[in-house]
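K.L.:
Any chance you could fold what I've pasted below:
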Amino acid sequence: MTLAYIPSPSTGVIHLGPIPLRGYAFCIIIGVFVAVWLGNKRWIARGGKPGTVADIAVWAVPFGLVGGRLYHVITDYQLYFGAGRNWVDAFKIWEGGLGIWGAIALGAVGAWIGCRLRGIPLPAWADALAPGIALAQAFGRWGNWFNQELYGRATDLPWAVKITEGPNREAGTYHPTFLYESLWCVGVALLVIWADRRFKLGHGRAFALYVASYCAGRAWIEYMRVDEAHHILGLRLNVWTAIVVFVLAVTYFVLSARLRPGREEVVEPQVAAGDTPAEGGKDAPKAAVAGAKAVKDAPRKPAEPAKPGAKPGTPGAEAPKPAGGVKTDLAKTDLAKTDLAKTDLAKTDLAKGGEDEAAGAGKS
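P.N.:
Below you'll find the predicted structure:
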């Protein structure tokens, strides 16, 4: 007997006149806004410009949606191209069905294009966005709750989710795997934020940590699910995908730490060239005042001494010498040589006088 459970919505869509407002879509949109908001804050903290994350997200998000849908349709093709199925349903993204693996893979292609156009290193941008992506997944998983999908095995735990009768599902109470994954993603986001602050992760390592941590949770959560899926050697396809991606993420993390330790000093060339990284930021006025004071207090540079050989009229050029100046310099040089010769001769006479005295003393 189930004493308590999480109820499911009676419907996943509310009609505002002719316009349908779908809970699944709202969860995705909220997740995107949270990811861009947090990513923007982290990008500015790393020295980037406000708005850069959103500009690149314009490329990454559409690519990610297409990639997520393609992965789902390809790996669950029987839902759309089997007997009695309608292939047009493959385009009904609002009914659910986005594979995170395809979303991240193709979304990275879109982000790469955006970064190339802005002259920004993709790993640095991915590091800034990593915890935001995890939070976006946490919000997005609640879209599965609206659609009553992606639940686990039957259970009578007090946090079980109640599923009603419908297409491809039986009424009952089940493990809310969507809730498990949502909470896990929140934990991943907090882990990445903490590790990034503690160890100054750079060159894509914060993103790799996010990927590895998510895969570790997705593997055991996926194992609990009971929805239809392809199996390989007794394991669901997404379990194998999580294992492979986990190994790749850990490998990248280790190799990157050895080959490129530390964090990028410059993440946006425009800022390095002199633009202010954050207009209106709390440190911007202080930096401006400090710069003005430094200019005011800087010691005045004395005039440069004349440089021999410089053309007349250029800074540091010495005045042209008269034609007789060259002969005068030669005469001075000859006179110095004569004085040196006299000095050597005097030293020689003094040495001979000393020898004669020593000889006389010896004879006496």
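K.L.:
Please tell me how far residue 129 sits from residue 64.
P.N.:
Per C-beta to C-beta, to the nearest Å, residue 129 is found 11 Å from residue 64. Any C-beta I mention is one placed from the backbone N, CA and C, and that applies to glycine too.
K.L.:
Please identify every residue contacting each of these two.
P.N.:
Counting by C-beta atoms under 8 Å, 6 or more residues apart in numbering, residue 129 and residue 64 have no shared contacts at all.
K.L.:
show me where this structure has strands.
P.N.:
Counting by DSSP state E, the chain has strands at residues 13-16, 19-22, 161-163, 172-174, 231-232, 235-236.
K.L.:
Of all these, which one comes closest to residue 71?
P.N.:
Residue 71 lies closest, by C-beta to C-beta, to one member of the strands of the chain: strand 235-236, at 14.2 Å.
K.L.:
Quick check: neighbours of that closest one in the sheet, parallel or antiparallel?
P.N.:
strand 231-232 (antiparallel) (DSSP bridges).
K.L.:
pLDDT averaged over the strand it pairs with - what is it?
P.N.:
The average pLDDT for strand 231-232 rounds to 92.
K.L.:
any low-confidence regions in the stretch 201-350 of the chain?
P.N.:
In the predicted model, the stretch 201-350 of the chain carries pLDDT under 70 at residues 271-350.
K.L.:
Just put the strands of the chain in CSV and tack on mean neighbour count.
P.N.:
Formatted as CSV, these follow (neighbours: other C-beta atoms under 10 Å):
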stretch, mean neighbour count
strand 13-16, 11
strand 19-22, 12
strand 161-163, 19
strand 172-174, 20
strand 231-232, 10
strand 235-236, 16
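K.L.:
Looking at the ones you listed, which is nearest to residue 50?
P.N.:
strand 19-22 (30.8 Å).
K.L.:
Looking at the closest one now, give me its mean pLDDT.
P.N.:
In this model, strand 19-22 has an average pLDDT of 88.
K.L.:
ok, it: who's next to it in the sheet?
P.N.:
strand 13-16 (antiparallel).
K.L.:
can I have the strand it pairs with written out in PDB, keeping just the CAs?
P.N.:
Output of strand 13-16 as PDB, limited to C-alpha atoms (Å, rounded to 0.1, in the frame of the first residue of the first chain):
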ATOM      1  CA  VAL A  13      -0.400  21.500 -22.000                       C
ATOM      2  CA  ILE A  14      -2.500  24.500 -21.200                       C
ATOM      3  CA  HIS A  15      -4.300  26.200 -24.100                       C
ATOM      4  CA  LEU A  16      -4.300  30.000 -24.000                       C
END
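K.L.:
hmm, who's touching that strand?
P.N.:
Outside strand 13-16, the residues that touch it by C-beta under 8 Å, 6+ apart are 20-23.
K.L.:
Among the residues you listed, find me the one that's closest to residue 144.
P.N.:
So of these, ranked by how close each gets to residue 144 (C-beta to C-beta), first place is residue 23, at 9.9 Å.
K.L.:
I'd guessed that closest one sits against residue 29; true?
P.N.:
No. Between residue 23 and residue 29 there is no contact under C-beta atoms under 8 Å: 10.8 Å.
K.L.:
Could you tell me which residues touch both of these two?
P.N.:
Joint contacts of residue 23 and residue 29 (C-beta under 8 Å, 6+ apart) do not exist.
K.L.:
higher neighbour count, these two?
P.N.:
Higher neighbour count among residue 23 and residue 29: residue 23, with 19 against 15, using other C-beta atoms under 10 Å.
K.L.:
which residues sit in contact with the more buried one?
P.N.:
9, 12-14, 142-143, 145-147.
K.L.:
Kindly recompute the last result at 10 Å.
P.N.:
Residue 23 makes contacts with 9, 11-14, 94, 142-147, as judged by C-beta atoms under 10 Å, 6 or more residues apart in numbering.
K.L.:
Next, count neighbours for residue 238.
P.N.:
Neighbours of residue 238 using other C-beta under 10 Å come to 21.
K.L.:
And for residue 212?
P.N.:
19.
K.L.:
Tell me the spacing between the closest residue to it other than its chain neighbours and residue 207.
P.N.:
Once flanking residues are discounted, residue 212 sits nearest to residue 249: 4.0 Å by C-beta to C-beta, 6 or more residues apart in numbering. Note on residue 249: its distance to residue 207, by C-beta to C-beta, is 8 Å.
K.L.:
more crowded one of the two?
P.N.:
Just comparing residue 249 and residue 207: by other C-beta under 10 Å the higher neighbour count belongs to residue 207, 27 against 22.
K.L.:
Surely the more buried one is in contact with residue 188?
P.N.:
No. Counting by C-beta atoms under 10 Å, residue 207 stays clear of residue 188, with 11.5 Å between them.
K.L.:
what do those two both touch?
P.N.:
130-131, 133.
K.L.:
got a pLDDT number for the nearest residue to residue 20 once chain neighbours are set aside?
P.N.:
Leaving aside its sequence neighbours, residue 20 sits nearest to residue 13 (C-beta to C-beta, 6+ apart; 5.0 Å). What the model reports as pLDDT for residue 13 is 88.
K.L.:
just residue 65 next, same as before
P.N.:
pLDDT, residue 65: 94.
K.L.:
what sits against it?
P.N.:
Residue 65 sits next to 28, 32, 93, 98, 102-103, 106-107, 110 when contact means C-beta under 10 Å, 6+ apart.
K.L.:
How about residue 64?
P.N.:
Residue 64 neighbours (C-beta under 10 Å, 6+ apart): 32, 57, 98, 100, 102-111, 133, 136.
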